[in-house]
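Undergrad: The following comprises the amino acid sequence and a computationally predicted model.
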Amino acid sequence: MSDDTVELEARLEEAESFDPPESFVEQANVTDEGIYEEFDENWPECWERAADLLDWDEEYDTVLDDGDAPFYEWFTGGSLNASANCLDRHLDERGDEVAIDWIGELGDTRTYTYEELHREVNEFAAALRDLGVEENDVVTMYMPMIPELPIAMLACARIGAPHSVVFAGFSADALATRMESAASEYLITCDGYYRRGDPLHHKEKADEGLSQVDHEVEEVVVADRLGDEYDHPMDDGERDFDDLVADHEGAAVEPVSRDAEDMLFLMYTSGTTGKPKGVKHTTGGYLSYVSWTSHAVLDIEPDDTYWCSADIGWITGHSYIVYGPLALGTTSVMYEGTPDYPEKDRLWDIVEEYEVDIFYTAPTAIRAFMKWGTEHPEKHDLTSLRLLGTVGEPINPRAWKWYYKHVGNEECPVVDTWWQTETGGMMVTTLPGINTMKPGSAGPPLPGIDARVVDTAGEEVDAGRAGYLTVDKPWPGMLRTVYKNDDRYVSEYWSEYSDPDADEWVYFPEDGAKIDEDGYITVLGRVDDVLNVSGHRLGTMEIESAIVGVNGVAEAAVVGGQHPVKGEAVYAYVITEEGQEGDAAFEEEIVAAVEEAIGPIARPEEVVFTPELPKTRSGKIMRRLLEDIANEEELGDTSTLRNPDVVEDIQAKVSDD
Ligand code: WT7
């Protein structure tokens with residue numbers, strides 16, 4: 001194909017668009033196009049519509065308090081409890097309906113009606129209190145996808161103790177760093193879980209993490225997932241989850257009325273420095289926002305069976321497995337395992353068996369489904385599906401169309417939702433009952449969300465031009481600060497485009513984007529040193545500091561290279577110290593160090609030993625060149641390099657491998 005044809009095809013592909021199917025529109029939760037204007041004209045009061053989805057103990061008196069921007073406060077004066085909103089208020093009408101439908105990887109299942117979930121959350125909340133957990137104590141959870149995780153989260157929410165969930169795939173070191181940063185004195189973990197049919201021991205990893213925490217950890221609670229399969233280590237004084245619940249059988253814990261601005265949870269996420277940031281979310285604004293977006297974008301109704309295949313260890317699971325869906329009283333499906341166990345049709349098997357109405361997943365998963373072939377979804381009756389969604393990274397039009405056709409049978413809208421750990425909930429996406437969909441483009445900003453694409457000077461760019469995404473007005477689901485680090489909150493998110501002297505504040509998500517004539521935003525990816533591997537966010541600095549910690553490493557630079565399934569993969573360029581051989585054994589040592597510091601998700605795809613790194617005259621590593629090399633692309637400008645020859649040397653090494 002000539003370059004011209006490639007370009008023409010690319011343009012045709014971009015021009016393609018799909019209207020929401022009539023059958024969907026007829027029943028959609030939001031269908032009035034006027035909603036965009038209505039929110040604009042009535043901002044910020046428009047957000048009452050989100051708050052109205054909740055039950056408040058005390059009505060708020062101010063929608064938005066911007067007196068101390070960018071430390072915005074939402075729904076001030078109001079108070080509520082998140083667990084009461086997710087459980088108690090549904091009991092009368094939906095007590096016997098299923099809240100969580102859990103599926104283990106081995107095919108075992110556990111079903112919790114709202115009444116059962118309410119009971120267990122109360123019992124565990126009572127147990128936590130007895131263990132000494134008080135309001136505002138941060139409780140860490142290091143747990144995989146087992147029902148005890150949402151139970152523990154809701155129990156914490158009930159007694160006003162913020163939770164900090166650490167993804168089970170993270171390493172012991174990562175757990176320790178997060179517990180220390182939050183000064184968390186309580187840990188809830190489990191013995192293990194199943195991966196590809198094998199029991200994976202988790203407790204040792206938790207123990208290793210605990211041994212590295214400097215402060216006193218008061219209590220450790222261990223849930224039992226593997227049973228007799230694994231006789232897990234229990235230290236003196238550690239508690240068994242089931243025993244605690246049994247000891248508090250029938251206990252009722254009055255939900256603590258929390259101020260709207262009280263912290264609901266912390267979620268650590270990677271940034272440009274070596275230290276993850278504790279993103280703080282609050283009770284009123286966050287819960288309103290995730291409920292509203294679950295209603296308006298995911299179109300969730302109480303009678304639906306809804307399934308988000310993310311892990312609760314990430315923000316997607318917090319917002320759209322636990323809080324949003326349960327606040328709306330729907331059935332949320334939770335699956336423990338991998339999508340290809342025992343066979344590559346596992347997910348479609350679940351969709352068929354549970355008659356899933358709404359399915360929300362990540363582009364990396366869709367690209368894997370594509371690779372596995374259409375025969376897997378074709379084996380199953382997927383006609384229960386009404387809406388599909390994606391999140392986590394840009395979705396290429398081909399993957400979008402595959403999903404639309406082979407999973408949705410061209411009868412389900414696909415919502416491509418752009419958002420971040422920091423935004424709490426969805427920000428840029430089509431409303432499925434209103435907007436035309438354009439594969440590859442997330443869509444317009446949601447009503448009330450003032451997202452723009454600007455140049456380095458902050459001026460809006462013309463249609464078709466690349467620029468930087470900004471959000472020019474606050475929103476209820478936004479992070480409130482970086483935990484115990486207000487300065488970092490302001491400098492990371494509110495300094496690039498804001499004018500503090502004029503009290504004008506602009507949120508900068510650190511993503512590149514472009515916008516078309518219809519105001520549809522295509523998010524291009526991060527513009528900072530953060531990688532997106534399989535929809536997981538990893539800081540290059542964190543990986544680099546793990547690598548330079550290895551004896552024999554002098555210097556390291558980590559960049560992202562394109563990967564057909566993962567989106568991005570980790571490429572590590574390493575200079576060894578004199579006398580240290582850059583051989584396979586040393587590469588293994590480096591890979592192991594990264595796994596130990598962060599977890600298997602950060603595992604380098606390739607380690608390239610090099611005598612030098614390309615540097616500018618001022619000594620700055622030219623990462624862009626390293627990225628070009630990883631992607632085997634034509635190299636960008638090398639004229640400012642102090643050591644231009646090194647680039648060819650590295651290039652030769654990468655193509656040798
Ligand atoms: C980063 C946030 C939101 C929950 C999962 C990830 C990228 C996210 C999209 C999308 C293009 C996307 C951005 C963003 N991203 N969704 N639909 N299209 N890019 O949360 O770990 O906080 O990562 O993921 O780069 O900044 P996260």
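TA: On my side now, so go ahead. Residues are numbered from 1 along each chain as shown.

Undergrad: Just checking: what are the partner strands of whatever helix or strand Trp74 lives in?
TA: If you go by DSSP states H and E, Trp74 is part of strand 73-76. In the sheet, strand 73-76 lines up against strand 62-65 (antiparallel) (DSSP bridges).

Undergrad: Show me what from the stretch 451-600 of the chain comes close to the ligand.
TA: 509, 511, 523, 525-526, 532, 537 (C-beta under 6 Å from any ligand atom). Heads up, the C-betas are built off the backbone N, CA and C, glycines and all.

Undergrad: Just the ones of those residues in strands?
TA: Taking DSSP state E as the definition of strands, these contribute 511, 523, 525-526, 532, 537.

Undergrad: Among the residues you listed, which one has the most neighbours?
TA: Val523 (24 neighbours; other C-beta atoms under 10 Å).

Undergrad: thought it was touching Gly392?
TA: No. Val523 is not in contact with Gly392 according to C-beta atoms under 8 Å; the separation is 10.9 Å.

Undergrad: if we can go back for a sec, looking at the residues of the stretch 451-600 of the chain next to the ligand, which two lie furthest apart in space?
TA: Val523 and Arg537 (13.8 Å; C-beta to C-beta).

Undergrad: before we move on, back to that, which residues does the next helix or strand after the strand holding Trp74 contact?
TA: Using DSSP H and E, the helix or strand that follows strand 73-76 towards the C-terminus is strand 79-80. Applying C-beta atoms under 8 Å, 6 or more residues apart in numbering, the external contacts of strand 79-80 come out as 54-58, 257-260, 283-284, 287.

Undergrad: now with 7 Å?
TA: Residues from elsewhere that reach strand 79-80, judged by C-beta atoms under 7 Å, 6 or more residues apart in numbering: 54-58, 257-260, 283-284.

Undergrad: How far off centre is it?
TA: 26 Å (C-alpha atoms, centre = their mean, to the nearest Å).

Undergrad: Show me what the mean pLDDT comes to for it.
TA: Averaged across strand 79-80, the pLDDT comes to 98.

Undergrad: Over to stretch 592-612?
TA: In the prediction, stretch 592-612 has an average pLDDT of 94.

Undergrad: Determine how far the last residue of it lies from the first.
TA: 23 Å (C-alpha to C-alpha, to the nearest Å).

Undergrad: now do stretch 275-285
TA: Using C-alpha to C-alpha, one end of stretch 275-285 lies 26 Å from the other.

Undergrad: Can you name the residues of the chain that neighbour the ligand?
TA: 269, 315-316, 391-394, 416-421, 442, 509, 511, 523, 525-526, 532, 537.

Undergrad: Of the residues you listed, select the buried ones using a PyMOL command.
TA: Of the residues of the chain next to the ligand, the buried ones can be selected in PyMOL as follows, counting by 16 or more other C-beta atoms under 10 Å:
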select buried, resi 269+315+316+391+392+393+394+416+417+418+419+420+421+442+509+511+523+525+526+532+537
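
Undergrad: residues near the nearest residue to Ala126 once chain neighbours are set aside, how many?
TA: Nearest non-adjacent residue to Ala126, counting by C-beta to C-beta, 6 or more residues apart in numbering: Ala251, 3.6 Å away. Neighbour count of Ala251, defined by other C-beta under 10 Å: 16.

Undergrad: what's the distance between Ala251 and Val121?
TA: 10 Å (C-beta to C-beta, to the nearest Å).

Undergrad: And Gly560, by the same measure?
TA: Taking C-beta to C-beta, one finds Gly560 at 40 Å from Val121.

Undergrad: same check, this time on Gly250
TA: Counting by C-beta to C-beta - Gly250 and Val121 are separated by 13 Å.

Undergrad: Mind listing the shared neighbours of Ala251 and Val121?
TA: With C-beta under 7 Å, 6+ apart, Ala251 and Val121 have no common neighbours.

Undergrad: For this protein, give me the ranges with low pLDDT.
TA: For the chain, the stretches with pLDDT under 70 are 1-15, 655-657.

Undergrad: surely the residue nearest to Ala126 meets Asn122?
TA: Yes. Here Ala251 reaches Asn122: they are 5.7 Å apart, a contact under C-beta atoms under 7 Å.

Undergrad: which of the residues in the helix ranked longest in the chain are buried?
TA: Longest helix in the chain, counting residues (DSSP state H): helix 114-130. By neighbour count on 16+ other C-beta under 10 Å, the buried set for helix 114-130 is 114-129.

Undergrad: quick one: contacts of that helix?
TA: 83, 87-88, 90-91, 94-97, 99-100, 151-152, 154-156, 158-159, 161, 244-245, 247-249, 251-253.
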